[in-house]
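**Student:** build the 3D model from these lines:
(one chain, ligands or ions: 1)
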Amino acid sequence: MTYFSPADSIILPAAETLRRRRREIVGELALRGLVTDEEPLCGVIDLDTVDELIDALKAAYPKSLPAMHTVAAKAIALRPVLAHYAQAGLGCEVASPGELELALAAGFAPDRIIFDSPAKTRREIEMALRLGVSFNVDNFEELARVDELIADIKGPTPHIGVRINPQTGAGTIDAMSTATETSKFGIGLRDHREDLIEAFAARPWLDQLHVHSGSQGLELEHTARGVRLILDLAEAIAQRVGKDQVKRIDVGGGLSVNFESDEVTPTFQDHRSALESVVPELFSGRFTLVTEFGRALTAKAGTLVTRVEYAKSTGGRPIAITHAGVQVATRTVFMPEYWPLRIEVFDAAGVPRIGEAFLQDIAGPACFSGDMLAVGRSLPMITSSDLIALPETGGYYFSSHFSYNALARPVVYAVFTDEAGQRRWSIARRAQTMEQIVAEAGEPDFAPLPT
Ligand SMILES: Cc1ncc(COP(=O)(O)O)c(C=O)c1O
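**Tutor:** Now for the predicted structure:
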(Lines give C-alpha, C1' and ligand atoms only; values in the text may rest on other atoms or scores of the structure.)
Protein backbone atom coordinates (compact mmCIF):
# COMPACT_ATOMS: atom_id res chain seq x y z
CA MET A 1 0.00 0.00 0.00
CA THR A 2 1.27 3.52 -0.78
CA TYR A 3 0.71 5.93 2.05
CA PHE A 4 2.65 8.77 0.65
CA SER A 5 2.10 10.87 -2.43
CA PRO A 6 4.76 13.16 -3.88
CA ALA A 7 2.22 15.99 -3.76
CA ASP A 8 2.51 15.90 0.05
CA SER A 9 6.23 16.21 -0.18
CA ILE A 10 7.64 19.46 1.19
CA ILE A 11 10.98 20.42 -0.22
CA LEU A 12 13.41 20.70 2.66
CA PRO A 13 15.50 23.88 2.76
CA ALA A 14 18.15 23.44 0.07
CA ALA A 15 21.81 23.64 1.01
CA GLU A 16 22.21 26.86 -1.04
CA THR A 17 19.24 28.42 0.75
CA LEU A 18 20.65 27.65 4.19
CA ARG A 19 24.07 28.98 3.20
CA ARG A 20 22.59 32.15 1.66
CA ARG A 21 20.39 32.80 4.71
CA ARG A 22 23.35 32.39 7.06
CA ARG A 23 25.53 34.76 5.03
CA GLU A 24 22.76 37.35 4.92
CA ILE A 25 22.18 37.00 8.66
CA VAL A 26 25.86 37.53 9.49
CA GLY A 27 25.93 40.52 7.11
CA GLU A 28 22.84 42.02 8.77
CA LEU A 29 24.25 41.40 12.27
CA ALA A 30 27.32 43.43 11.26
CA LEU A 31 25.26 46.14 9.55
CA ARG A 32 22.96 46.52 12.55
CA GLY A 33 25.97 46.72 14.88
CA LEU A 34 24.67 43.86 16.99
CA VAL A 35 28.09 42.36 17.76
CA THR A 36 29.54 44.67 20.37
CA ASP A 37 31.91 44.83 23.32
CA GLU A 38 28.94 44.17 25.62
CA GLU A 39 27.62 41.35 23.44
CA PRO A 40 30.49 39.91 21.37
CA LEU A 41 28.67 36.54 21.04
CA CYS A 42 25.11 35.83 19.94
CA GLY A 43 22.86 33.12 18.62
CA VAL A 44 20.42 33.56 15.75
CA ILE A 45 17.48 31.25 15.14
CA ASP A 46 15.95 31.43 11.69
CA LEU A 47 12.21 30.81 11.98
CA ASP A 48 11.89 30.38 8.20
CA THR A 49 14.09 27.30 8.45
CA VAL A 50 12.25 26.15 11.60
CA ASP A 51 8.94 26.34 9.69
CA GLU A 52 10.31 24.40 6.75
CA LEU A 53 11.62 21.66 9.04
CA ILE A 54 8.24 21.46 10.82
CA ASP A 55 6.44 21.25 7.46
CA ALA A 56 8.84 18.55 6.29
CA LEU A 57 8.18 16.51 9.44
CA LYS A 58 4.41 16.79 9.10
CA ALA A 59 4.54 15.97 5.39
CA ALA A 60 6.69 12.90 5.96
CA TYR A 61 3.70 11.08 7.45
CA PRO A 62 0.37 10.46 5.74
CA LYS A 63 -2.28 13.00 6.76
CA SER A 64 -4.68 10.20 7.61
CA LEU A 65 -2.32 8.72 10.21
CA PRO A 66 -3.22 9.74 13.78
CA ALA A 67 -0.05 11.42 15.01
CA MET A 68 1.27 13.85 17.58
CA HIS A 69 4.64 15.34 16.67
CA THR A 70 6.44 16.98 19.57
CA VAL A 71 9.62 19.04 19.78
CA ALA A 72 12.10 18.01 22.49
CA ALA A 73 12.36 21.08 24.76
CA LYS A 74 15.92 20.20 25.75
CA ALA A 75 17.06 21.03 22.22
CA ILE A 76 15.67 24.57 22.20
CA ALA A 77 14.72 25.76 25.67
CA LEU A 78 13.80 29.28 24.54
CA ARG A 79 10.28 30.34 25.49
CA PRO A 80 9.18 32.28 22.38
CA VAL A 81 10.75 29.72 20.06
CA LEU A 82 8.91 26.93 21.86
CA ALA A 83 5.74 29.05 21.58
CA HIS A 84 6.40 29.20 17.83
CA TYR A 85 6.48 25.38 17.68
CA ALA A 86 3.24 25.28 19.73
CA GLN A 87 1.54 27.69 17.32
CA ALA A 88 2.70 25.51 14.43
CA GLY A 89 0.72 22.63 15.97
CA LEU A 90 3.52 20.64 17.56
CA GLY A 91 3.45 19.18 21.06
CA CYS A 92 6.40 19.25 23.43
CA GLU A 93 8.54 16.52 24.99
CA VAL A 94 9.93 17.56 28.38
CA ALA A 95 12.43 15.78 30.58
CA SER A 96 12.48 17.76 33.82
CA PRO A 97 10.14 19.82 36.01
CA GLY A 98 11.76 23.00 34.63
CA GLU A 99 11.10 21.96 31.05
CA LEU A 100 7.51 21.07 32.02
CA GLU A 101 6.92 24.57 33.41
CA LEU A 102 8.60 26.07 30.35
CA ALA A 103 6.37 24.09 27.97
CA LEU A 104 3.25 25.22 29.87
CA ALA A 105 4.48 28.83 29.85
CA ALA A 106 5.15 28.58 26.10
CA GLY A 107 1.49 27.70 25.57
CA PHE A 108 1.48 23.97 24.95
CA ALA A 109 -1.82 22.45 26.10
CA PRO A 110 -1.16 19.87 28.85
CA ASP A 111 -2.42 17.04 26.66
CA ARG A 112 0.16 18.02 23.99
CA ILE A 113 3.04 17.51 26.43
CA ILE A 114 4.96 14.27 27.11
CA PHE A 115 6.92 14.13 30.35
CA ASP A 116 9.92 11.78 30.11
CA SER A 117 12.14 12.37 33.14
CA PRO A 118 13.67 9.17 34.57
CA ALA A 119 13.65 10.70 38.09
CA LYS A 120 10.08 11.95 38.56
CA THR A 121 9.25 12.78 42.15
CA ARG A 122 5.85 11.98 43.67
CA ARG A 123 4.98 15.66 43.38
CA GLU A 124 5.82 15.73 39.68
CA ILE A 125 3.77 12.59 38.98
CA GLU A 126 0.84 14.07 40.91
CA MET A 127 1.16 17.28 38.93
CA ALA A 128 1.17 15.45 35.59
CA LEU A 129 -1.87 13.40 36.60
CA ARG A 130 -3.72 16.48 37.83
CA LEU A 131 -2.92 18.59 34.75
CA GLY A 132 -3.49 15.79 32.25
CA VAL A 133 0.11 15.71 31.03
CA SER A 134 1.08 12.38 29.45
CA PHE A 135 4.15 10.70 30.78
CA ASN A 136 6.30 7.64 30.25
CA VAL A 137 7.13 5.63 33.34
CA ASP A 138 10.82 4.77 33.57
CA ASN A 139 10.90 1.79 35.93
CA PHE A 140 8.82 -0.58 38.06
CA GLU A 141 9.26 1.49 41.25
CA GLU A 142 7.85 4.51 39.47
CA LEU A 143 4.97 2.35 38.26
CA ALA A 144 4.19 1.43 41.88
CA ARG A 145 4.13 5.14 42.75
CA VAL A 146 1.71 5.83 39.93
CA ASP A 147 -0.50 2.99 41.25
CA GLU A 148 -0.82 4.85 44.56
CA LEU A 149 -1.31 8.32 43.09
CA ILE A 150 -3.71 7.44 40.32
CA ALA A 151 -6.24 6.15 42.84
CA ASP A 152 -6.92 9.78 43.88
CA ILE A 153 -7.59 11.01 40.35
CA LYS A 154 -11.23 11.61 39.60
CA GLY A 155 -12.09 11.62 35.92
CA PRO A 156 -9.97 10.69 32.94
CA THR A 157 -6.25 10.09 33.27
CA PRO A 158 -3.72 11.24 30.66
CA HIS A 159 -2.01 8.78 28.35
CA ILE A 160 0.47 6.91 30.49
CA GLY A 161 3.20 4.84 28.91
CA VAL A 162 6.26 2.86 29.80
CA ARG A 163 9.69 3.65 28.43
CA ILE A 164 11.22 0.48 27.03
CA ASN A 165 14.92 -0.07 26.55
CA PRO A 166 15.00 -2.38 23.53
CA GLN A 167 18.58 -3.37 24.42
CA THR A 168 19.58 -3.28 20.77
CA GLY A 169 23.00 -1.75 21.45
CA ALA A 170 24.88 1.54 21.06
CA GLY A 171 25.25 3.91 18.12
CA THR A 172 28.49 5.72 17.35
CA ILE A 173 28.37 7.96 20.47
CA ASP A 174 28.22 5.99 23.71
CA ALA A 175 27.08 8.94 25.83
CA MET A 176 24.08 9.47 23.52
CA SER A 177 23.08 5.81 23.23
CA THR A 178 20.11 4.78 25.33
CA ALA A 179 19.45 1.25 24.06
CA THR A 180 22.54 -0.41 25.47
CA GLU A 181 22.30 -3.56 27.58
CA THR A 182 22.75 -1.56 30.80
CA SER A 183 21.40 1.91 29.85
CA LYS A 184 20.02 3.96 32.73
CA PHE A 185 16.81 4.65 30.80
CA GLY A 186 13.61 2.64 30.81
CA ILE A 187 12.86 -1.00 31.45
CA GLY A 188 15.05 -3.57 29.69
CA LEU A 189 12.92 -5.52 27.26
CA ARG A 190 15.05 -8.65 27.26
CA ASP A 191 15.24 -8.60 31.06
CA HIS A 192 11.54 -8.00 31.72
CA ARG A 193 9.34 -8.85 28.72
CA GLU A 194 6.94 -11.09 30.71
CA ASP A 195 6.84 -8.65 33.66
CA LEU A 196 5.92 -5.87 31.26
CA ILE A 197 3.05 -7.85 29.76
CA GLU A 198 1.83 -8.60 33.30
CA ALA A 199 2.17 -4.96 34.30
CA PHE A 200 0.02 -3.81 31.38
CA ALA A 201 -2.55 -6.57 31.94
CA ALA A 202 -2.93 -5.44 35.57
CA ARG A 203 -3.27 -1.74 34.68
CA PRO A 204 -5.86 -0.90 32.00
CA TRP A 205 -4.79 2.77 32.20
CA LEU A 206 -1.38 1.99 30.69
CA ASP A 207 -1.97 2.71 27.01
CA GLN A 208 1.35 3.83 25.55
CA LEU A 209 4.76 2.33 24.78
CA HIS A 210 7.82 4.52 24.37
CA VAL A 211 11.26 3.90 22.92
CA HIS A 212 14.10 6.35 22.28
CA SER A 213 17.21 4.44 21.31
CA GLY A 214 19.56 7.43 21.34
CA SER A 215 20.45 10.77 19.84
CA GLN A 216 22.86 11.46 16.96
CA GLY A 217 25.01 8.69 15.55
CA LEU A 218 22.24 6.11 15.37
CA GLU A 219 21.46 4.36 12.06
CA LEU A 220 17.83 4.67 10.98
CA GLU A 221 17.52 0.88 10.85
CA HIS A 222 18.73 0.68 14.44
CA THR A 223 16.03 3.13 15.54
CA ALA A 224 13.43 1.21 13.56
CA ARG A 225 14.45 -2.08 15.17
CA GLY A 226 13.67 -0.63 18.61
CA VAL A 227 10.21 0.40 17.38
CA ARG A 228 9.71 -3.08 15.88
CA LEU A 229 10.32 -4.62 19.30
CA ILE A 230 7.84 -2.37 21.11
CA LEU A 231 5.21 -3.03 18.48
CA ASP A 232 5.70 -6.75 19.04
CA LEU A 233 5.29 -6.07 22.75
CA ALA A 234 2.04 -4.16 22.09
CA GLU A 235 0.85 -7.19 20.14
CA ALA A 236 1.75 -9.57 22.98
CA ILE A 237 -0.12 -7.33 25.45
CA ALA A 238 -3.17 -7.31 23.13
CA GLN A 239 -3.11 -11.10 23.04
CA ARG A 240 -2.84 -11.34 26.82
CA VAL A 241 -5.72 -8.93 27.55
CA GLY A 242 -7.85 -9.86 24.56
CA LYS A 243 -8.01 -6.33 23.08
CA ASP A 244 -5.82 -3.49 21.86
CA GLN A 245 -4.65 -1.84 25.10
CA VAL A 246 -1.68 0.08 23.69
CA LYS A 247 -3.12 3.00 21.76
CA ARG A 248 -0.05 5.16 21.28
CA ILE A 249 3.43 4.27 20.07
CA ASP A 250 5.97 6.92 21.02
CA VAL A 251 9.04 6.47 18.81
CA GLY A 252 11.15 9.14 20.54
CA GLY A 253 13.53 11.37 18.58
CA GLY A 254 17.09 10.70 17.50
CA LEU A 255 17.14 11.62 13.81
CA SER A 256 20.79 12.53 13.25
CA VAL A 257 21.88 15.88 11.84
CA ASN A 258 24.56 16.36 9.21
CA PHE A 259 27.19 18.65 10.75
CA GLU A 260 29.49 18.48 7.71
CA SER A 261 27.60 20.53 5.14
CA ASP A 262 24.36 22.43 4.56
CA GLU A 263 22.63 19.34 3.16
CA VAL A 264 19.70 18.23 5.29
CA THR A 265 20.34 14.52 5.46
CA PRO A 266 19.02 12.10 6.60
CA THR A 267 15.52 13.52 6.21
CA PHE A 268 12.27 12.96 8.08
CA GLN A 269 11.13 11.03 5.02
CA ASP A 270 14.15 8.72 5.37
CA HIS A 271 13.13 8.16 8.98
CA ARG A 272 9.55 7.35 7.98
CA SER A 273 10.75 5.01 5.19
CA ALA A 274 12.92 3.07 7.65
CA LEU A 275 9.96 2.71 9.99
CA GLU A 276 7.65 1.76 7.15
CA SER A 277 9.90 -1.04 5.97
CA VAL A 278 10.66 -2.48 9.42
CA VAL A 279 7.34 -1.74 11.19
CA PRO A 280 4.62 -1.43 8.52
CA GLU A 281 1.84 -1.99 11.10
CA LEU A 282 2.68 1.39 12.60
CA PHE A 283 0.99 2.90 9.55
CA SER A 284 -2.18 0.83 9.80
CA GLY A 285 -4.09 3.51 11.72
CA ARG A 286 -4.41 1.18 14.74
CA PHE A 287 -1.99 3.29 16.78
CA THR A 288 -1.41 7.00 17.29
CA LEU A 289 2.18 7.77 16.40
CA VAL A 290 4.09 10.10 18.75
CA THR A 291 7.47 11.56 17.77
CA GLU A 292 9.92 13.57 19.91
CA PHE A 293 12.49 15.10 17.59
CA GLY A 294 14.92 17.68 18.93
CA ARG A 295 18.10 18.17 16.93
CA ALA A 296 16.55 17.45 13.53
CA LEU A 297 13.93 20.17 14.11
CA THR A 298 16.37 22.81 15.33
CA ALA A 299 20.07 22.41 14.47
CA LYS A 300 20.02 23.65 10.88
CA ALA A 301 17.95 26.69 11.89
CA GLY A 302 20.53 28.17 14.27
CA THR A 303 23.93 29.86 14.06
CA LEU A 304 26.25 31.10 16.78
CA VAL A 305 28.23 34.18 15.80
CA THR A 306 31.23 35.44 17.74
CA ARG A 307 33.67 38.26 17.28
CA VAL A 308 37.36 37.37 17.16
CA GLU A 309 38.85 39.36 20.01
CA TYR A 310 42.49 38.67 19.25
CA ALA A 311 44.48 36.79 16.61
CA LYS A 312 47.95 35.69 17.69
CA SER A 313 50.54 33.06 16.89
CA THR A 314 52.12 30.63 19.34
CA GLY A 315 54.70 27.98 18.37
CA GLY A 316 54.08 28.87 14.76
CA ARG A 317 50.33 28.16 15.03
CA PRO A 318 47.89 31.04 14.40
CA ILE A 319 45.28 31.11 17.20
CA ALA A 320 42.05 33.11 17.08
CA ILE A 321 40.66 33.94 20.52
CA THR A 322 36.87 34.19 20.32
CA HIS A 323 33.94 34.50 22.74
CA ALA A 324 32.36 31.13 21.82
CA GLY A 325 33.74 28.29 23.88
CA VAL A 326 32.74 25.72 26.41
CA GLN A 327 29.85 27.82 27.76
CA VAL A 328 27.88 27.39 24.51
CA ALA A 329 29.67 24.53 22.72
CA THR A 330 30.11 22.27 25.73
CA ARG A 331 29.95 18.97 23.90
CA THR A 332 32.19 20.19 21.08
CA VAL A 333 34.84 21.31 23.54
CA PHE A 334 34.78 18.21 25.75
CA MET A 335 34.22 15.62 22.99
CA PRO A 336 35.57 17.25 19.81
CA GLU A 337 35.87 13.94 17.99
CA TYR A 338 32.10 13.38 18.25
CA TRP A 339 30.78 16.94 17.96
CA PRO A 340 32.95 18.86 15.47
CA LEU A 341 31.46 22.13 14.25
CA ARG A 342 31.99 23.85 10.93
CA ILE A 343 33.62 27.26 11.11
CA GLU A 344 32.98 30.12 8.72
CA VAL A 345 35.07 33.29 8.70
CA PHE A 346 33.69 36.73 7.87
CA ASP A 347 35.34 40.12 8.07
CA ALA A 348 34.07 42.74 10.54
CA ALA A 349 31.55 43.97 7.95
CA GLY A 350 30.10 40.47 7.66
CA VAL A 351 31.61 39.66 4.26
CA PRO A 352 32.81 36.04 3.90
CA ARG A 353 36.60 35.79 3.85
CA ILE A 354 37.97 33.90 0.92
CA GLY A 355 41.53 33.23 -0.08
CA GLU A 356 44.46 31.05 0.82
CA ALA A 357 43.82 28.69 3.72
CA PHE A 358 46.13 28.27 6.72
CA LEU A 359 46.04 25.82 9.61
CA GLN A 360 44.64 27.70 12.59
CA ASP A 361 43.25 27.06 16.06
CA ILE A 362 39.96 28.63 17.16
CA ALA A 363 39.76 29.10 20.91
CA GLY A 364 37.00 30.04 23.33
CA PRO A 365 37.27 32.51 26.20
CA ALA A 366 37.27 30.09 29.15
CA CYS A 367 40.15 29.60 31.52
CA PHE A 368 41.41 26.15 30.54
CA SER A 369 43.57 25.01 27.63
CA GLY A 370 41.02 22.59 26.27
CA ASP A 371 38.52 25.36 25.54
CA MET A 372 38.98 25.02 21.76
CA LEU A 373 36.30 25.14 19.07
CA ALA A 374 38.72 23.70 16.54
CA VAL A 375 42.36 22.74 16.39
CA GLY A 376 44.42 22.81 13.19
CA ARG A 377 41.52 23.84 10.97
CA SER A 378 42.32 24.99 7.43
CA LEU A 379 40.68 28.42 7.01
CA PRO A 380 41.30 31.82 5.41
CA MET A 381 43.62 33.81 7.68
CA ILE A 382 41.61 35.15 10.63
CA THR A 383 42.30 38.60 12.04
CA SER A 384 40.99 40.36 15.13
CA SER A 385 37.49 41.87 14.75
CA ASP A 386 36.52 39.17 12.23
CA LEU A 387 33.26 37.35 12.80
CA ILE A 388 33.14 33.58 13.11
CA ALA A 389 29.86 31.78 12.36
CA LEU A 390 29.16 28.29 13.67
CA PRO A 391 26.48 26.62 11.54
CA GLU A 392 24.14 23.86 12.80
CA THR A 393 24.06 25.23 16.34
CA GLY A 394 20.28 25.75 16.62
CA GLY A 395 19.83 22.50 18.60
CA TYR A 396 21.17 22.25 22.16
CA TYR A 397 23.92 24.91 21.72
CA PHE A 398 21.79 27.91 22.76
CA SER A 399 19.96 26.04 25.45
CA SER A 400 22.58 23.97 27.26
CA HIS A 401 24.57 26.77 28.81
CA PHE A 402 27.55 25.76 30.95
CA SER A 403 28.28 28.41 33.55
CA TYR A 404 31.96 27.71 34.16
CA ASN A 405 33.90 30.99 34.63
CA ALA A 406 30.56 32.81 35.02
CA LEU A 407 30.49 33.39 31.27
CA ALA A 408 27.16 35.00 30.38
CA ARG A 409 24.40 33.27 28.46
CA PRO A 410 24.45 35.05 25.10
CA VAL A 411 21.59 36.95 23.50
CA VAL A 412 19.61 34.91 20.97
CA TYR A 413 17.91 36.71 18.08
CA ALA A 414 15.02 35.31 16.06
CA VAL A 415 14.56 36.22 12.41
CA PHE A 416 11.78 35.56 9.93
CA THR A 417 10.81 36.84 6.49
CA ASP A 418 7.60 38.89 6.40
CA GLU A 419 5.05 38.94 3.59
CA ALA A 420 6.92 41.77 1.88
CA GLY A 421 10.07 39.62 1.80
CA GLN A 422 11.82 41.65 4.52
CA ARG A 423 13.79 39.84 7.20
CA ARG A 424 12.45 40.87 10.63
CA TRP A 425 14.63 40.70 13.72
CA SER A 426 13.58 40.24 17.34
CA ILE A 427 15.11 39.07 20.61
CA ALA A 428 14.24 35.51 21.64
CA ARG A 429 16.31 35.67 24.82
CA ARG A 430 18.29 38.57 26.23
CA ALA A 431 21.90 38.09 27.25
CA GLN A 432 22.44 37.29 30.90
CA THR A 433 23.40 40.50 32.68
CA MET A 434 26.26 40.89 35.15
CA GLU A 435 23.63 41.58 37.85
CA GLN A 436 21.96 38.25 37.07
CA ILE A 437 25.28 36.42 37.20
CA VAL A 438 25.98 37.87 40.64
CA ALA A 439 22.43 37.17 41.87
CA GLU A 440 22.54 33.56 40.64
CA ALA A 441 25.88 32.99 42.38
CA GLY A 442 24.16 32.82 45.75
CA GLU A 443 22.99 34.82 48.72
CA PRO A 444 24.84 38.03 49.57
CA ASP A 445 25.64 36.37 52.90
CA PHE A 446 24.99 32.92 54.37
CA ALA A 447 21.22 32.81 54.80
CA PRO A 448 19.86 31.27 58.01
CA LEU A 449 17.72 28.17 57.61
CA PRO A 450 14.11 28.58 58.77
CA THR A 451 13.76 26.94 62.18
C1 LIG B 1 13.40 10.72 25.53
C2 LIG B 1 13.99 11.62 24.50
N3 LIG B 1 13.21 12.01 23.48
C4 LIG B 1 13.70 12.85 22.51
C5 LIG B 1 15.00 13.30 22.55
C6 LIG B 1 15.49 14.21 21.45
O7 LIG B 1 16.51 13.61 20.75
P8 LIG B 1 17.06 14.24 19.40
O9 LIG B 1 17.43 15.64 19.69
O10 LIG B 1 18.24 13.41 19.04
O11 LIG B 1 15.97 14.14 18.37
C12 LIG B 1 15.84 12.90 23.60
C13 LIG B 1 17.23 13.38 23.66
O14 LIG B 1 17.99 13.16 24.55
C15 LIG B 1 15.31 12.04 24.60
O16 LIG B 1 16.08 11.63 25.62
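**Student:** quick check, residue 225 in contact with residue 167.
**Tutor:** No. Using Cβ atoms under 8 Å, residue 225 is not in contact with residue 167; the gap is 10.6 Å. No exception for glycine: its C-beta is placed from N, CA and C like everyone else's.
**Student:** which residue ranges of this structure form helices?
**Tutor:** For the chain, applying DSSP state H gives helices covering 15-31, 47-60, 79-87, 97-105, 122-131, 140-150, 189-202, 220-241, 268-278, 295-298, 330-334, 434-440.
**Student:** just name the most buried of those helices.
**Tutor:** helix 295-298 (a mean of 27; mean count of other Cβ atoms under 10 Å).
**Student:** what about it and the ligand, any contact?
**Tutor:** Yes. Contact between helix 295-298 and the ligand, assessed by Cβ under 6 Å from any ligand atom, occurs at 295, 296.
**Student:** adding distance to residue 400, write the helices of the chain out as a markdown table.
**Tutor:** Formatted as a markdown table, the helices of the chain follow (distance: least, Cβ to Cβ, whole Å):
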| stretch | distance to residue 400 |
| --- | --- |
| helix 15-31 | 21 |
| helix 47-60 | 18 |
| helix 79-87 | 14 |
| helix 97-105 | 12 |
| helix 122-131 | 21 |
| helix 140-150 | 25 |
| helix 189-202 | 30 |
| helix 220-241 | 23 |
| helix 268-278 | 23 |
| helix 295-298 | 12 |
| helix 330-334 | 6 |
| helix 434-440 | 16 |
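**Student:** same list (the ones you listed) but as JSON lines, adding distance to residue 214 and mean pLDDT.
**Tutor:** Shown next, in JSON lines, are the helices of the chain (distance: least, Cβ to Cβ, whole Å; pLDDT from 0 to 100):
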{"stretch": "helix 15-31", "distance to residue 214": "25", "mean pLDDT": "98"}
{"stretch": "helix 47-60", "distance to residue 214": "19", "mean pLDDT": "97"}
{"stretch": "helix 79-87", "distance to residue 214": "22", "mean pLDDT": "98"}
{"stretch": "helix 97-105", "distance to residue 214": "19", "mean pLDDT": "98"}
{"stretch": "helix 122-131", "distance to residue 214": "24", "mean pLDDT": "97"}
{"stretch": "helix 140-150", "distance to residue 214": "21", "mean pLDDT": "98"}
{"stretch": "helix 189-202", "distance to residue 214": "15", "mean pLDDT": "97"}
{"stretch": "helix 220-241", "distance to residue 214": "8", "mean pLDDT": "96"}
{"stretch": "helix 268-278", "distance to residue 214": "14", "mean pLDDT": "96"}
{"stretch": "helix 295-298", "distance to residue 214": "11", "mean pLDDT": "98"}
{"stretch": "helix 330-334", "distance to residue 214": "14", "mean pLDDT": "97"}
{"stretch": "helix 434-440", "distance to residue 214": "32", "mean pLDDT": "97"}
